[in-house]
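Trainee: Need a 3D model of the sequence below.
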Amino acid sequence: MLTKNLSLKSLSLTNFATFENQIIQFSEGFNVIIGETGSGKSLIFDALQLVFSGKSDKKIIRAQAEFASIEAIFEWHDQSIKLFFDELGYPLNDDDDIVIKKIIYSNGKSKSFVNQQHASNQNIALFAKSFIDFVGQFENQKLLSPSYLLSVLDKFSQNTELLNSYKSDYRKYKNLLA
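Mentor: The predicted structure follows:
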């Protein structure tokens, strides 16, 4: 789900594939990751997907390292997000960021955390399904859907009130024509 009420602030990668120690800062609004082939664009997306999934593979650990760590920090401004985490047992203060972290060890085991508290992969995956919409390089069917593109544009432009007013007026207009 694209929402102005939840935004990715940073992604920290330690010993992840070709990244030794990298912090990627995201700005408010629209962000684009560009680069030459082989520069790590897909690895950034893979890291985001990995931090939210239960599946981890020790092959992503940088050579000669004992572990890999991925940490995604989100800023939130929606009480439904706060309620979601409260219900799962990860209470948020109004000024807290949401920190999702995954550590993958060379023995193949992994641990996940929400704001420094151990978390189940199921709860983190539930958060991702509820509030984040991943569209990868080869998932273009979604991107070809006009209704999906319009919903993304409407959410990004923060025109919910205007959209709802338009829909109401349009329904009235259609009723008058009937």
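
Trainee: what's the nearest residue to residue 106 once chain neighbours are set aside sitting at in phi/psi?
Mentor: With sequence-adjacent residues excluded and distances taken as C-beta to C-beta, 6 or more residues apart in numbering, residue 106 is closest to residue 66, at 5.2 Å. For every residue, glycine as well, the C-beta is placed using N, CA and C. Dihedral pair for residue 66: phi -90, psi -20, per degrees, to the nearest 10.

Trainee: Got the confidence number for residue 66?
Mentor: On pLDDT, residue 66 comes in at 94.

Trainee: contacting residues for it?
Mentor: Contacts of residue 66 were listed using C-beta atoms under 8 Å, 6 or more residues apart in numbering, and they are 15, 105-106.

Trainee: Same question for stretch 69-82: list its buried residues.
Mentor: Residues of stretch 69-82 classed as buried: 69-74, 76, 81-82 (neighbour count, 16 or more other C-beta atoms under 10 Å).

Trainee: Contacts for the helix or strand harbouring residue 46, please.
Mentor: Secondary structure assignment for residue 46, by DSSP states H and E: helix 41-52. Residues outside helix 41-52 that contact it (C-beta under 8 Å, 6+ apart) are 8, 11, 13, 16-19, 24, 33-35, 56, 60, 70-72, 100-102, 104, 112, 124-125, 127-128, 132, 134, 136-137.

Trainee: tell me which residues in that helix are buried?
Mentor: Buried residues in helix 41-52, counted by 16+ other C-beta under 10 Å: 43-44, 46-48, 50-52.

Trainee: centre of the chain versus it, how much separation?
Mentor: Remark: helix 41-52 is offset 10 Å from the chain centroid, using C-alpha atoms, centre = their mean, to the nearest Å.

Trainee: Understood, closing this out.
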